[in-house]
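>>> structure for this input, please:
(one chain, ligands or ions: 1)
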Amino acid sequence: MFLTYSKGISGNFRKSETEVSVTAPQHLKGELMQVRSSIAATVLASAMILPMAAPALAAPDQPSRSQAVEKKDTLRWVAPQDLKIGTAVAGGGHHETQPYPAPFTFDQEYRQRLAAEFSSVSPENQSKWEFVHPEHNTYRFAEMDAIVQFAQENKQVVRGHTLFWHSQNPAWLEEGNFSKDELRAILKDHIQTVVGRYAGKIQQWDVANEIFNEDGTLRTTDNIWIRELGPEIIADAFRWAHEADPKAKLFFNDYGVEGINAKSNAYLDLIPKLQAQGVPVDGFAIQGHLSTRYGFPGDLQANLQRFDALGLETAITEIDVRMDVAAGTTPTDAQLATQASYYQRALEACVSVEECNSFTIWGFTDKYSWVPVFFSGEGEATVMWNDFTRKPAYYALQDTLEQASSGRGNR
Ligand code: XIL
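Next up, the predicted model:
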């Protein structure tokens, strides 16, 4: 199942699900159905072979001189010690409709940058239900295992994503006509199995993703768990995750909650109620998929602050800043400057809030960004060009981190 994203009223996007439509660039549309069935075949094939097998990954090459990233000239080096600077790890999802299904496994320059620049990594798709649990009794862990191992080797933390969502669920689950008891058991088993496997190795889990509609009502129609089992199941998801990994910090995560609005108000209302019942919720995460079409959400810091004031951790988990780009053209200097200012302001908002401890960009190179595939006519949303050279947005982040380090007491 694919998502389409369309513009939001006040903010950055509204997402709606459709059966088949993908707002992919015109030239890709014809290929999508065909590629999708081959994905299903690949998932099935690898699910049969892979569950416990070691991932078939090439060892990273030694960086050549031209590719080597100077250690001190990176985001993670200049970041304050108490702030993780992260990225999504490309693979699965839309990548499978592209000519490069799993960049993390083969693109050596990508891997070098991933290791050098970031202190946190988030699987872009590799721990989502449809990826990690493709059949009822089959888990597929090889890719997530490889990411966790990579993170450990490179002294990075991992953000797990996600356990309870309305999207990217496998057909066997969505179309299974399970009884309430069966569904509850399926969710519990999934959470215990996935969280348990990586216990002690995940810093933060996005336990529940996107549970509210834009008007602040719960997604009682498209979220299978809430629809079938009622809102109380949200608390159980957090409890089961906590049992499986008492050390992981457990988050709600959503888009369109950058500013103070009906949806972010709904979280502000819900989380203390859950905590009062003893439900282990540690944090509130803002995805941050921004577009220069809609302006920067100037109340981001104030919004983070009010969650911080509840004693919660906060995080920016998926930021990218897309812009209008006509096919075959490159962004203007003015567009790049606007993009850089959005990244900078978002990071400044996070570093200004005491317990905002994690700032993750949703991919670091346009080479693999999901944006042009999902947002027709928009793109160039990340901080590096296709060839990994740095955009003004990269330098804006680097400078902001450097300044924050003096303020936040780094080295
Ligand atoms: C996106 C991935 O980047 C794509 O590869 C995939 O095809 C669809 O999902 N909110 C989320 C993320 O929580 O998981 C989504 O990631 C982007 C929106």
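
>>> for the stretch 101-250 of the chain, what lies in contact range of the ligand?
Applying Cβ under 6 Å from any ligand atom, one finds that the stretch 101-250 of the chain approaches the ligand through 124-125, 209. Where C-beta positions appear, they are placed from N, C-alpha and C, glycine not excepted.

>>> at 8 Å what do you get?
Near the ligand, the residues belonging to the stretch 101-250 of the chain are 124-125, 128, 161-162, 165, 167-168, 206, 209-210 when assessed by Cβ under 8 Å from any ligand atom.

>>> report how many residues lie close to the closest residue to the ligand within the stretch 1-150 of the chain.
With Cβ to the nearest ligand atom, the shortest gap between the stretch 1-150 of the chain and the ligand falls at residue 93, namely 2.7 Å. Residue 93 is flanked by 22 other residues according to other Cβ atoms under 10 Å.

>>> check contacts around the nearest residue to it once chain neighbours are set aside.
Using Cβ to Cβ, 6 or more residues apart in numbering and skipping the chain neighbours, the partner closest in space to residue 93 is residue 125 (3.7 Å). Applying Cβ atoms under 8 Å, 6 or more residues apart in numbering to residue 125 gives the contacts 91-93, 95, 131, 168.

>>> again with residue 393
321, 336, 339-340, 342-344, 382-383.

>>> which phi and psi does it have?
Backbone dihedrals for residue 393, given as degrees, to the nearest 10, come out at phi -60, psi -40.

>>> and it, how far is that from residue 119?
19 Å (Cβ to Cβ, to the nearest Å).

>>> the strands in the stretch 251-400 of the chain, which residues?
Under the criterion DSSP state E, counting those that start in this stretch, the stretch 251-400 of the chain contains strands at 283-286, 289-291, 313-324, 356-361, 378-379.

>>> among those, which is nearest residue 99?
strand 378-379 (17.0 Å; Cβ to Cβ).

>>> does that closest one come close to the ligand?
No: using Cβ under 8 Å from any ligand atom, strand 378-379 never reaches the ligand; the gap is at least 13.6 Å.

>>> give me the sheet partners of that strand and which way each runs.
Here strand 378-379 has these sheet partners by DSSP bridges: strand 313-324 (antiparallel).

>>> starting at the chain centroid, how far to the strand it pairs with?
Relative to the chain's own centre, strand 313-324 is displaced by 9 Å; criterion: Cα atoms, centre = their mean, to the nearest Å.

>>> ok, now stretch 102-111?
Stretch 102-111 has its C-alpha centroid displaced from the chain centroid by 18 Å (Cα atoms, centre = their mean).

>>> mind listing what's buried in it?
102-105, 107, 109-111 (16 or more other Cβ atoms under 10 Å).

>>> would you map the helices across the stretch 201-350 of the chain?
Using DSSP state H, counting those that start in this stretch, the helices of the stretch 201-350 of the chain run over 224-229, 232-244, 262-276, 300-308, 333-351.

>>> ok so, going back, would you turn the contacts of residue 393 into a markdown table with distance to the ligand and neighbour count?
Listed next are the contacts of residue 393 as a markdown table, based on distance: Cβ to the nearest ligand atom, whole Å; neighbours: other Cβ atoms under 10 Å:
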| residue | distance to the ligand | neighbour count |
| --- | --- | --- |
| 321 | 14 | 26 |
| 336 | 22 | 17 |
| 339 | 18 | 26 |
| 340 | 22 | 21 |
| 342 | 17 | 23 |
| 343 | 17 | 27 |
| 344 | 22 | 18 |
| 382 | 11 | 29 |
| 383 | 16 | 27 |
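
>>> taking those, tell me the two that lie furthest apart.
Across the contacts of residue 393, the longest distance by Cβ to Cβ is 14.7 Å; it joins 344 and 382.

>>> quick one: least confident helix or strand in the chain?
Within the chain, no helix or strand scores below helix 26-49, which has a mean of 29 by mean pLDDT, DSSP states H and E.

>>> contacts for the next helix or strand after it?
Counting by DSSP states H and E, the next helix or strand C-terminal to helix 26-49 is helix 75-78. When contacts are defined by Cβ under 8 Å, 6+ apart, helix 75-78 is touched by residues 71-72, 85, 116-119, 394, 397-398, 401-402, 405, 410.

>>> if we use 10 Å, what do you get?
Contact with helix 75-78 is made by 69-72, 83-87, 115-120, 154-156, 359, 361, 364, 383, 394, 397-405, 410-411, as judged by Cβ atoms under 10 Å, 6 or more residues apart in numbering.

>>> any of these buried? List them.
Neighbour-count burial within these applies to 69, 83-87, 115-120, 154, 156, 359, 361, 364, 383, 394, 397-398, 400-401, 404-405, 410; the criterion is 16+ other Cβ under 10 Å.

>>> follow-up on the earlier one: so which of the residues of the stretch 101-250 of the chain next to the ligand sit within helices?
Among those, no member falls in helices (DSSP state H).

>>> dump these to TSV, plus pLDDT and distance to residue 174.
Output for those, formatted as TSV (pLDDT from 0 to 100; distance: Cβ to Cβ, whole Å):
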residue	pLDDT	distance to residue 174
124	98	21
125	98	17
128	98	13
161	98	19
162	98	16
165	98	11
167	98	10
168	98	10
206	99	20
209	98	16
210	98	16
